[in-house]
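> Quick one: sequence and predicted model below, then my questions.
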Amino acid sequence: MPKVVYTTPDGARETVDGRDGDSIMETAVRNGVPGIVAECGGAASCATCHVYVDEAYLPKLEPMEDLEDDMLEETAAERLPNSRLSCQVRLGAALDGIAVTIPPAQT
């Protein structure tokens, strides 16, 4: 079971167990992690699950698709080079321990 380390907007850190194939967003919502709004439910049609991925994990991620890239232009918080939509990052053994920071605003 891959673990995800979330840093919430207030600076608290929470580590939760995910399931292979689930997204970082699904894992956050299922475990009540604050700050992930997920208005579209994971369809990559909003930017309310925006996170900043720890740079050590960026090379392990699947490449960003155009739709995600477009949605990241609409984020409420500043888009950074390590910005991703958490609904588009699927968990697996290679991402065990991935750390993400939730920005202070999603909407």
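Nice, I can see it.

> From here on, just use CA atoms for contacts and neighbour counts.
Fine.

> Centre-most residue in the chain?
Centroid-nearest residue in the chain, with Cα atoms, centre = their mean: S86, separated by 2.6 Å.

> In contact with that one: list those residues for me.
S23, I24, M25, C49, H50, V51 (Cα atoms under 8 Å, 6 or more residues apart in numbering).

> List only buried entries from those.
The neighbour count (16 or more other Cα atoms under 10 Å) marks S23, I24, M25, C49, H50, V51 as buried among the contacts of S86.

> Which ones among those residues map onto strands?
H50, V51 (DSSP state E).

> Just name the closest of the contacts of S86 to D69, please.
Checking the contacts of S86 against D69 by Cα to Cα gives H50 as the nearest, at 11.3 Å.

> measure the closest one to E39 for me?
When Cα to Cα, to the nearest Å is the yardstick, H50 and E39 sit 11 Å from each other.

> quick revisit: how near is the residue nearest to the centre of the chain to I102?
Taken as Cα to Cα, the span from S86 to I102 is 10 Å.

> Name the SS class of A56, please.
Using DSSP: H, G, I helix; E, B strand; the rest coil, the structure places A56 in helix.

> what about it, neighbour count?
A56 has 9 neighbours, counted by other Cα atoms under 10 Å.

> What of the one 4 residues further on?
Here the number of neighbours of K60 (other Cα under 10 Å) works out to 11.

> I'd assumed A93 was in contact with it.
No. If you go by Cα atoms under 8 Å, K60 and A93 don't touch, sitting 10.4 Å apart.

> Now flag whichever of the contacts of S86 is closest to L80.
Once Cα to Cα is applied, the member of the contacts of S86 that ends up nearest L80 is V51, at 9.6 Å.

> Touching, that closest one and C87? I think so.
No. Counting by Cα under 8 Å, V51 stays clear of C87, with 9.7 Å between them.
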